[in-house]
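Enquirer: Got a sequence here, can you model it:
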Amino acid sequence: MSKKTIITYGTFDMFHIGHLKLLKRLSKMGDKLVVAISTDKFNEVKGKKVMIPYKQRAKIVKSLKFVDKVIPEKNWEQKVKDIKKQNVDIFAIGDDWKGEFDFLKEHCEVVYLERTKDISTTQLKKSLSNFMSIPKEDIINAFEVIEVLKKDFE
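Expert: Prediction:
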């Protein structure tokens, strides 16, 4: 039986449970998992602002026992070259990209996977932004109220 190589692409900023579930699921689809992570420069081209630098994101993903290789994604056009160089059998990505990579079907199988519900990096960044917009004084006052209430329950 021939070994199957899977490849996926992503930014993997603010690594969360959705990323973990996706990569674990992909690893079970084959024998080797290659993860291409968008570089900081490429994210700028895509209009994405990352919180965590490329080298750190790559190190986080590479540390997972079921990820065999991490490569940089520097541009949109490199996918066919990566598929050939890595001997990829399956290109897999979240279903929010459904149809966008069908042109790769002439090189390998293309699979769109359902995303983890109720979690996304965009959602996390929005929540963080909302939290950061709360005036510092309001946060301090909230903690003071909590301290007063705690005393009432002791």
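
Enquirer: What distance do you get for residue 78 to residue 42?
Expert: Distance, residue 78 to residue 42, using C-beta to C-beta, to the nearest Å: 10 Å. In this view, the C-beta of every residue, glycine as well, is placed from N, C-alpha and C.

Enquirer: do the same with residue 14
Expert: Distance from residue 14 to residue 42, by C-beta to C-beta: 17 Å.

Enquirer: now do residue 71
Expert: Where residue 42 is concerned, residue 71 sits at a distance of 12 Å (C-beta to C-beta).

Enquirer: Need the CA coordinates for stretch 86-101. CSV is fine.
Expert: C-alpha atoms of stretch 86-101 as CSV (Å, rounded to 0.1, in the frame of the first residue of the first chain):
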residue,chain,number,x,y,z
GLN,A,86,6.1,17.2,-1.6
ASN,A,87,4.6,14.3,-3.6
VAL,A,88,1.1,15.3,-2.3
ASP,A,89,-1.8,12.9,-2.7
ILE,A,90,-4.4,15.1,-1.0
PHE,A,91,-4.8,18.9,-0.7
ALA,A,92,-7.2,19.7,2.1
ILE,A,93,-8.5,23.0,3.5
GLY,A,94,-11.5,24.4,5.3
ASP,A,95,-14.8,24.4,3.5
ASP,A,96,-14.9,28.2,3.7
TRP,A,97,-12.7,27.9,0.6
LYS,A,98,-15.1,25.5,-1.2
GLY,A,99,-14.4,25.5,-4.9
GLU,A,100,-11.5,27.9,-4.8
PHE,A,101,-8.9,25.2,-5.2
